[in-house]
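Chemist: When you get a sec, could you give me coordinates for this:
(one chain, ligands or ions: 1)
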Amino acid sequence: MYISKSFIPILKNNPSEAKIKSHQLMLRTGMIKQSAAGIYSWLPLGFKVMKKIEKIVREEQDKIGAQEILMPTIQSSEIWKESGRYEDYGDEMLRIKDRQNREMLYGPTNEELITDIFRTSVKSYKLLPQLLYHIQWKFRDELRPRFGIMRCREFYMKDAYSFDVDDEKAIYSYNKFFLSYLRTFKRLDLTAIPMAADTGQIGGNLSHEFIILAETGESKIFTDKRIFDLNSDGANTEKKSLEDLRNKYEKFYSVTDEKFNKIEFEKEVSEENRLITKGIEVGHIFYFGDKYSKPLNASVDLPGGKKDFVKMGSYGIGVSRLVGAIIEAKYNNKDEIMKWPLSVAPYEIAVIPMITKNDNSQLEKAKNIYNSLRDKNIDVIIDDTDENISSKVKKFNLIGVPFQIILGKKSQDDLLEFKEIGKDPQNLSMDKILNILTEQKAKI
Ligand code: 5CA
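Modeler: Next up, the predicted model:
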C-alpha cells in the first residue's frame, strides 16, 4: 500500500471521549469511526487487523473439525418463543417488525437458529458429532456501551455449536474447543486463561471464560498465579490428551467474581500465589446439555431404537473485541509504545524514505524494497509522502507497525536502517531483513 493512496485518517490528538488506550488509539489512528452509540464503522486499518484475527480464529476452528456456515443476522421471533428466551432476553434484544407485522430480531446469539437447522436435517446418532460455526455480526442493546469496540452494541463474533449423542461425547467436544481456544489466543500472542464462570443468558452448568489480564478489563478475577505458566504445547485432540489438558488447568484455582468463594480461594491458594486482578473476556465456552434441544424438540434416534434430545454446547470468541483487547495487552504504558503482534499487525513493515524537493533517490530505492517485500508476501506499506522523516517515523510508531526500514541519513547503500519497535535500530542488508521477517512469520 502506498500511503499517498491509502485511507488512514489519523487524528492530531487523542479524542477526549476515549477513556482507555485501545479506544484512544483506534480512533486516533483511524481504525474505526463511531456511527451511533456502540455502533462502529471499521476503516481499512482496523478492518485489516480484524480480518487477520478472523483468519486465525477460522483456521483453529477448522483444525478441530468444525465446519463453517453462515447464518443471517436477522432472525424470526418464533424459535425464540419455542425456547422461552424471547421474553427472558429482555431489553438487550433488538426487536424489529417487518412490513407484515412479523416479529423479528437482530440476533444476539444463535443457539435457537442452529438448533432449528439441526433438527430439520439430522435424525440419527450416526451423523454425530457435528461441530458447526459461523463468524457473524451480533447485536446486543447493552445498557452502557463503552470503551469503543470492547463493549459495544454491534460486534463481530465467532460462535460455534456442538451436537452430541450423550454427555460424555459432548464433553469431548467441549474439550476440543478448550484446546482450540488456547491455540487461537496463543497465535494472537495473548495469554488467555480459562476461568470457571457464570453461564448467564446462555445457560447450562459448565462454562469457562477465557480472560487476558488488563487493568482496564471489566471482569474481576481470582487466580492462582501458577496458572500463567501453563500452555497447551503437546496436547492433541485425542480424548485422553484433552482431559489431561483440562485437568492441568483446573488444578489451579481460577474464577471470575460470580464464582468467587473466599474460603475456597484462601484454602486452595497459598498467600504468595494469590492474584486478584482484572481482565478482558475474549472468549466463553458453555455446555448446556438439552437446554435448547428439549424445548425445540431436536432429538436423534439412538442405537437401540430409542430417541433422545441431542446434547449441545456453544463456544464464542469476540473477534471485534479482540482488536481492542490486543492493544490493551500489548501497549507499553511506560514507554507509550504500541507494537502489534506480527500475526495481526495492520502492516508487517513500513518502508520510510526521506524525500526532499531536490532528491527523489530514496523514494526510488524504497519502491524497489517495497516490491521485493511484496514478492515475498510480506504485508508492507510505503510512505511516499513528502512529510519530514521524523513525522513519518512517529506516524508508524503511533500505529504500532512492528518493523520499519528507514531510508534516511543512516541507511548507506546496501546497509539499511532497520528497526523493530521498542528495540535499537540496526544497519542490515536486505537479505538479512528478509530472513528476519520470514523467520518471524514462520512462527505465527
Ligand atoms: N452463544 C454464546 C457462545 S457462542 C455467547 O454468546 N457467548 S458470550 O455471550 O459470552 O459472547 C461471546 C464473546 O463475545 C464474549 O466472550 C466476548 O468476547 C464477546 N462479546 C460479548 N458481548 C460483547 C459486546 N457487547 N461487545 C463486544 N464483544 C462482546
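Chemist: Give me the neighbour count for Glu268.
Modeler: 14 (other Cβ atoms under 10 Å). C-beta coordinates here come from the backbone N, C-alpha and C atoms, glycine included.
Chemist: Then Ile117?
Modeler: By the criterion of other Cβ under 10 Å, Ile117 has 16 neighbours.
Chemist: Check whether it sits in a helix, strand or coil.
Modeler: Recorded secondary structure, Ile117: helix (DSSP: H, G, I helix; E, B strand; the rest coil).
Chemist: Skipping adjacent residues, who's closest to Tyr370 in space?
Modeler: In this structure, Tyr370 finds its nearest non-sequential neighbour in Ile382, 4.5 Å apart by Cβ to Cβ, 6 or more residues apart in numbering.
Chemist: Next, the contact list for that neighbour, please.
Modeler: For Ile382, the contacting residues are 1-3, 350-353, 366-367, 370, by Cβ atoms under 8 Å, 6 or more residues apart in numbering.
Chemist: Who does it form a beta bridge with?
Modeler: Listed by DSSP bridges, the beta-bridge partners for Ile382 are Tyr2, Val351.
Chemist: ok, now how distant is it from Gly84?
Modeler: 57 Å (Cβ to Cβ, to the nearest Å).
Chemist: From the chain's centroid, how far away is stretch 357-369?
Modeler: Averaging C-alpha positions (Cα atoms, centre = their mean, to the nearest Å) puts stretch 357-369 38 Å from its chain's average.
Chemist: Buried ones in it, by neighbour count?
Modeler: 362-363, 365-366, 369 (16 or more other Cβ atoms under 10 Å).
Chemist: Export only the CA atoms of it, formatted as CSV.
Modeler: Written as CSV, here are the backbone C-alpha positions of stretch 357-369 (Å, rounded to 0.1, in the frame of the first residue of the first chain):
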residue,chain,number,x,y,z
LYS,A,357,12.3,18.7,-3.0
ASN,A,358,15.6,18.1,-4.8
ASP,A,359,16.2,14.5,-4.0
ASN,A,360,13.9,11.7,-5.0
SER,A,361,16.5,8.9,-5.0
GLN,A,362,15.5,7.4,-1.7
LEU,A,363,11.9,7.1,-2.9
GLU,A,364,13.1,5.1,-5.9
LYS,A,365,15.1,2.9,-3.7
ALA,A,366,12.1,2.5,-1.3
LYS,A,367,9.9,1.4,-4.2
ASN,A,368,12.3,-1.4,-5.1
ILE,A,369,12.5,-2.5,-1.5
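Chemist: Go ahead and name everything in contact with it.
Modeler: The contact list for stretch 357-369 (Cβ under 8 Å, 6+ apart) reads 351-355, 382, 384, 386, 405, 407-408, 416, 430.
Chemist: From those residues, which land in strands?
Modeler: 351-353, 382, 405, 407, 416 (DSSP state E).
Chemist: Farthest pair within those residues?
Modeler: By the measure Cβ to Cβ, those have their two most distant members at Ile382 and Leu416, which lie 13.5 Å apart.
Chemist: End to end on stretch 248-262, go ahead and measure it.
Modeler: From its first residue to its last, stretch 248-262 covers 22 Å (Cα to Cα, to the nearest Å).
Chemist: touching the ligand at all, it?
Modeler: No - legend: contact between stretch 248-262 and the ligand by Cβ under 6 Å from any ligand atom is lacking; minimum distance shown is 11.4 Å.
Chemist: List the buried residues in that stretch.
Modeler: 249, 252-256, 259.
Chemist: which among those gets closest to the ligand?
Modeler: Using Cβ to the nearest ligand atom, Thr256 is the member of the buried residues of stretch 248-262 that lies nearest the ligand, at 11.4 Å.
Chemist: Thank you kindly, that will do.
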